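[1] Sequence below, structure please.
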Amino acid sequence: VVSILDLRELLKAISICLRGITRHDSAALLLYDEERGELRAHALDLQQIGATFTEGMYFPLKGTPAGLAFTSRRTLIVNRNELDSFSGTPVVQTLRSQGVRSGCIIPIVAHNRVLGVLSLMSRNENAFTKEIAELLEEVTGQLAIAVTNAMNHIEVIRVRDRFEMLLEISNAVSASLSLE
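    Numbers count the residues shown, from 1 in each chain. This is a model prediction of the structure:
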């Protein structure tokens, strides 16, 4: 998994593997956007619940289970009662309307820095136990390495593209100057 550099493919691979040990219906990889101070959906596996979330959407830290797991740096297991305490947020309202009854949100931590969260949701009540959450924390440790690799890869491509653009501009300026 740590060699997968595409975040969508990474979540898909993780979600498929985890379906063997959890009863989750959907998964989301939400990474922290420092500029906005919110979590951004980088990869979603929501076919099972049909939620209307899309990649690129932002989720607030305040008042959401994902935000609480991120800010507290602790895994959060949410069942019906806990979901009710977050029912004022549009995110939870949408999930509830799609039949989500429980979830497990695990912070993704690399080098003592929280990168985001892995959020698993289920239509089953009490789908996540403490034992499953502990196993998910171990899996998320490996996921943190993969996410770091993918983010570094994205940054390398961004820098490469920027230098290619600068080279093209430089070449165009040089060609223009040599014509004079």
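
[2] neighbouring contacts of the helix or strand bottoming out on mean pLDDT in the chain?
    Of all helical and strand segments in the chain, the minimum by mean pLDDT, DSSP states H and E falls on helix 7-18, at a mean of 73. When contacts are defined by Cβ atoms under 8 Å, 6 or more residues apart in numbering, helix 7-18 is touched by residues 1, 4, 24, 27-29, 42-45, 55, 118, 120, 136, 139, 143, 146-147, 150. C-betas here are computed from N, CA, C, even on glycine.

[3] May I see the buried residues of it?
    7, 10-12, 14-15, 18 (16 or more other Cβ atoms under 10 Å).

[4] Now render the residues you listed as JSON lines, adding distance to L76.
    As requested, the buried residues of helix 7-18 are exported to JSON lines (distance: Cβ to Cβ, whole Å):
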{"residue": "L7", "distance to L76": "22"}
{"residue": "L10", "distance to L76": "22"}
{"residue": "L11", "distance to L76": "19"}
{"residue": "K12", "distance to L76": "23"}
{"residue": "I14", "distance to L76": "18"}
{"residue": "S15", "distance to L76": "18"}
{"residue": "L18", "distance to L76": "17"}
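
[5] of all the residues you listed, which comes closest to V173?
    V173 lies nearest to L7 out of the buried residues of helix 7-18, by Cβ to Cβ, at 36.6 Å.

[6] Do I have it right that E82 meets L68?
    No - E82 is beyond contact range of L68, at 9.7 Å (criterion: Cβ atoms under 8 Å).

[7] Going by secondary structure, L29 is in what exactly?
    For L29, the host element (DSSP states H and E) is strand 26-33.

[8] If you could redo that for S119, that was the one I meant.
    Here S119, judged by DSSP H and E, is contained in strand 113-122.

[9] for Q142, same thing?
    Per DSSP H and E, Q142 falls inside helix 130-179.

[10] quick one: that helix to strand 113-122, angle?
    Interaxial angle, helix 130-179 versus strand 113-122 (axes from the mean of the first three to the mean of the last three Cα atoms, to 10 degrees): 120 degrees.

[11] Show me what helix 130-179 is packed against.
    helix 7-18, strand 26-33, strand 102-110, strand 113-122 (3 or more Cβ pairs under 8 Å, 6 or more residues apart in numbering; DSSP states H and E).

[12] so can I have CSV of those showing distance to E155?
    Rendered in CSV, the data for the helices and strands packed on helix 130-179 read as follows (distance: least, Cβ to Cβ, whole Å):
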stretch, distance to E155
helix 7-18, 13
strand 26-33, 13
strand 102-110, 14
strand 113-122, 13
